[in-house]
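[1] Need the 3D shape of this:
(2 chains)
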Amino acid sequence: MSLFEHNAPLGGAFEKPKDKVHRLGAMQRIKIPQRRFKDDELIDFAIVGVGSAGGVLLQRLARAGFTAVGFEAGPFWDTERDWVSDEAGSHKLYWNDLRITGGEHPLALGANNSGKGVGGGSVHWAAFVPRFHPSDFEVYTRDGVGADWPITYEEIEPYYDLLEREIPVAGPAWYPWGKPHGHPYAPHPMGGVGDTLIAGCTKLGIPVSAGGPVAILSASHGDRPHCIYRGFCIQGCKVGAKASTLVTHVPDALKNGAEIRDCCMVARVAMAKDGRTDGIVYFDAEGKEHFQRARVVIVCGYALETPRLLLNSACPGQERGLANSSGTLGKYLMAQAGNVILGRFENLIRMYKAPPAHALTEEFYETDPKRDFARGFAVQTVGPLPIAFAKQMMAAKGAWGWGMRREMMDYNHWSSLGLLGEILPWEDNRIELADGRDGRHDARDRFGLPVAQVTFSLKDNDKKMIEFGKNKVMEIMWAAGAVEVVQESRYAHLVGACRMSKTPDAGVCDKFGRTWDVPNLFVMDGSVMPTQGSANPGLTIQALAARTADYLISQKEAILSNSANGRRDMSEPPCRRSLAPPGTFTRGIPHLR
Amino acid sequence: MDERQPLTNPATGEALAKREQPGYYPGFSTLKQKGYWDAATRKVVEDRVSKQKSIRFFTAEEARTMLAVVDRVLPQEDRMEERRIRILPGIDERLYENRLEGYRFEDMPPDQEVYRIAARAFEEMARALHDRAFHELSVREQEEILKSVQQAKPQAAQELWKQMNIERFWTMLVADVVSIYYAHPWAWDEIGYGGPAYPRGYMRLEEGEPEPWEVEEQRYEWGAPSDSISDVEELHAGARDHLVHPGQAGTH
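    Sure, this is the predicted structure:
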């Protein structure tokens, strides 16, 4: 369907729904129902969770000719029917089911960091997509804290290149931090918040990146229109300009014969007598229990639901949870410091316009011996809509009553910048089951499964980093000309808790996400990260997923049929650019070499 | 009849008239733009304005208390009565339908229990301190009670408040209230927020410039009613900074 077949500027909003046509963004149309495998059919891959990683894996494996089903706890969105251009009306995009949160610095969950529905968290991410830096993969070697990754930057780099084109990413042609690189699509124009960051940084001599890198189209791309700067990125992009795997990879997955079974909650990974998994047990939308046979299971449920599922899959011989012989399952959970620094200006900003994510600096990313802590932070634009801003006024200023009304009448005078700081992985920051044992809470979901209980506390290095970073962002805000600066403490993103490791005693899975204990069980999502840097994790999650898909394709005999008899070939697979969705990897600027 | 004290002009001390639309953007109406919104959004926002929700979770007694509480957390005496935004039914609906924010703090009972305990505690405080029901207290008396809860120093009903982390309760209460008030198009008009913007989008992104259909800011001075202690100068900045509060949307 072409843009020009419509009289309206964006077709979808004025279009009458047609039977069985599924609308993804204003222009993209796919037909469902799709292929449907039977429960007793032996499929090659059961993928649990169709989010950032699951969407990419499903697309790759289907395109390579495997039978693959993605199980998703939430719905398969029709973006025209289900999403709204409204802050309060977008609540259903998040994983709002109960979880218990505690520790000295308990994390806000739900809307803050987890999605439910096809596309997962990529439906409501702000879509900053910086790469990790080369230093992120050897934090322990360099600084004696955290952990090293079992892979290097060079191993993931071809996948950064590839995914930046598949998304495709808008940003500067020259990006100076980490390993310098460019971006395929042009940077976005500035909004009022980006202007604040640029003004403040320029005054202080801090380099700043304007207009990206973000997974938001600055020019049209196939059947996806460019951004219209309405500022509703984290409410789900009805335009289809912001990338989510729902619009970038899922359509191609379905075209290649993949199935997505939505509104299906996976309850546990089943184990056969030979020490391998033989499928998954799940509940469908009506709450009926099913067993799906599969040769390989890949869990892509993100940093809370993935460890929860493995813990809930404990069985004889693996009583502490599946793939937990190392005892690290659920441990080393990380969130990034996400303090929001708010500045009030005499002039108007109107921060609801333009994507919240449109400018940043990574000048403070690396360890600086002049500071009293390891690692660092980034500074990014944030553009809260009124409800989020009112909550920030409550947290930052204690506003209520007439004070709240007065602060909110100045909404258009405020700008907001976010700290994104690297909190290190600590063993006791963790996810357990709220199963009522050993003093834990007893809380269940509607299927009777214990929910996740999360414990999170900052350590000394984290506190020093936050203090320094917070003050630096406040300095930038003052330098930009703010007349009042306040801040709110919060955390962003969740990674870790099923970390990859070089040896079986130090983590849950190897460098391709294959669990050490169960040869045909994989984990692939943010939970595999040993450290997190100060970069938003989305791009890295997708890059790791594409790399694991290549590994699975290279090793198909050994993994699908167990012909290698437990031996692991750990050689790096070739990067299969031909598996990218059509019309993506050849586009954009030449890569700097 | 509304017998609450009015807003004042700080320069003259005179009462300010009630407004159909308070705020610095006179004549701005997001609802007038609804022809430019997509159908799904239009339905959600129109339902929010027109649908009267009944109270199903709170008992009549609890509702009477909580209505008075909510009226102080988000006062609207400057609005003409027919232009006030109903808040309590939205909280009631969330609790009745068990719509969670995705988590519960380990030192908090379930949200529903929290609100029932709090409603009792507010009544008990009113009885202990003033020997009247909470909704019968003066604005000042009600605000003093709320402020003591905000500061986690309730002067009565200690046994009830002990059943939860009182700071987290205050955070949940204010978050619930602002989530309903600032979801309403009349509140968007008040603060000059453009509202839904699909499929039209925005074209003037910098310098706070209004779109052709938005209006320029026209500020005026106003003072809170003389018996109120909830205005900006009364706030204690930063005191709640160590708390993570519920429901904040992801920002980056």
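
[2] Now A:Leu458. Its backbone dihedrals?
    phi -80, psi 150 (degrees, to the nearest 10).

[3] I'd like to know how many residues surround it.
    Neighbour count for A:Leu458, taken as other Cβ atoms under 10 Å in any protein chain shown: 21. For the C-beta atoms, the positions are set from N, CA and C on the backbone; glycine is no exception.

[4] Look through chain A and tell me its longest helix.
    helix A:460-479 (DSSP state H).

[5] That one vs chain B: in contact?
    No - with Cβ under 8 Å from any Cβ of the partner chain as the criterion, chain B is not reached by helix A:460-479; the gap is at least 10.1 Å.

[6] That helix: what's the following helix or strand?
    Where DSSP states H and E defines the elements, the next helix or strand beyond helix A:460-479 is strand A:484-488.

[7] got the residues of the stretch 51-200 of chain B near chain A?
    B:72-75, B:78, B:99-107, B:143, B:146, B:150, B:171, B:174-175, B:178-183, B:187-188, B:190-194, B:196-200.

[8] check contacts around the closest residue to chain B within the stretch 101-250 of chain A.
    Nearest residue of the stretch 101-250 of chain A to chain B (Cβ to the nearest Cβ) works out as A:Gly110 at 2.0 Å. Taking Cβ atoms under 8 Å, 6 or more residues apart in numbering or on different chains, we find A:Gly110 in contact with A:94-96, A:99, B:100-103, B:246-247.

[9] what about it, distance to A:Arg99?
    8 Å (Cβ to Cβ, to the nearest Å).

[10] Now the common contact residues for those two.
    B:102-103.

[11] For A:Asp372, see how far away A:Trp426 is.
    For A:Trp426, the distance to A:Asp372 - Cβ to Cβ - is 18 Å.

[12] Please identify which of those two sits among more neighbours.
    The neighbour count for A:Trp426 versus A:Asp372, taken as other Cβ under 10 Å, is higher for A:Trp426 (20 against 12).

[13] Quickly note the distance from the residue of the stretch 101-250 of chain A closest to chain B to A:Ala267.
    According to Cβ to Cβ, A:Gly110 and A:Ala267 sit 21 Å apart.

[14] again with B:Leu205
    Between B:Leu205 and A:Ala267 the computed distance is 47 Å (Cβ to Cβ).

[15] B:Trp188 is in contact with B:Tyr25, correct?
    No - judged on Cβ atoms under 8 Å, B:Tyr25 makes no contact with B:Trp188 at a distance of 9.5 Å.

[16] For those two, indicate the residue with more neighbours.
    Taking other Cβ under 10 Å, B:Tyr25 and B:Trp188 do not tie; B:Trp188 has more neighbours (26 against 23).

[17] who's in contact with that one?
    Neighbour list for B:Trp188: A:386, B:30, B:182, B:194-195 [criterion: Cβ under 8 Å, 6+ apart].

[18] what about A:Phe132, is that helix, strand or coil?
    With DSSP: H, G, I helix; E, B strand; the rest coil as the basis, the three-state label of A:Phe132 is coil.

[19] Now the closest residue to it other than its chain neighbours: phi and psi?
    Spatial nearest neighbour of A:Phe132, excluding adjacent residues (Cβ to Cβ, 6 or more residues apart in numbering or on different chains): A:Gly533 at 4.7 Å. Here is the backbone geometry of A:Gly533 (degrees, to the nearest 10): phi 60, psi -160.

[20] Could you check how far A:Gly533 is from chain B?
    Computed with Cβ to the nearest Cβ, to the nearest Å, the distance linking A:Gly533 and chain B is 14 Å.

[21] which of the contacts of B:Trp188 sit farthest apart?
    B:Tyr182 and B:Gly194 (13.5 Å; Cβ to Cβ).

[22] Looking at these two, which has the bigger crowd around it?
    B:Tyr182 (26 against 21).

[23] OK, contacts around that one?
    Shown in contact with B:Tyr182 (Cβ under 8 Å, 6+ apart): A:87, A:386-387, A:390, A:408, B:188, B:191.

[24] Strands - which of these land there?
    In strands, judged by DSSP state E, none of these are found.

[25] Any of the residues you listed buried? List them.
    Buried members of the contacts of B:Tyr182, scored by 16 or more other Cβ atoms under 10 Å in any protein chain shown, are A:87, A:386-387, A:390, A:408, B:188, B:191.

[26] Farthest pair within the residues you listed?
    Between any two of the buried ones among the contacts of B:Tyr182, the greatest separation by Cβ to Cβ is 13.5 Å, found for A:Glu87 and A:Met408.

[27] Surely A:Glu422 is in contact with A:Thr531?
    Yes - A:Glu422 is in contact with A:Thr531 according to Cβ under 8 Å; the separation is 7.4 Å.

[28] Nearest residue to B:Asp68 in space, please, no chain neighbours.
    One correction, residue B:68 is Ala, not Asp. For B:Ala68, the spatially nearest residue (Cβ to Cβ, 6+ apart) is B:His135, at 3.9 Å.

[29] low pLDDT regions in the chain?
    Just so you know, I chose chain A. A:1-17, A:19, A:33-34, A:564, A:566, A:586-593 (pLDDT under 70).

[30] oops, chain B please
    B:1-3, B:234-252.

[31] hey, which helix is longest across it?
    Across chain B, the helix with the greatest residue count (assigned by DSSP H) is helix B:111-130.

[32] Just the ones of the residues of the stretch 51-200 of chain B next to chain A in strands?
    B:104-105.
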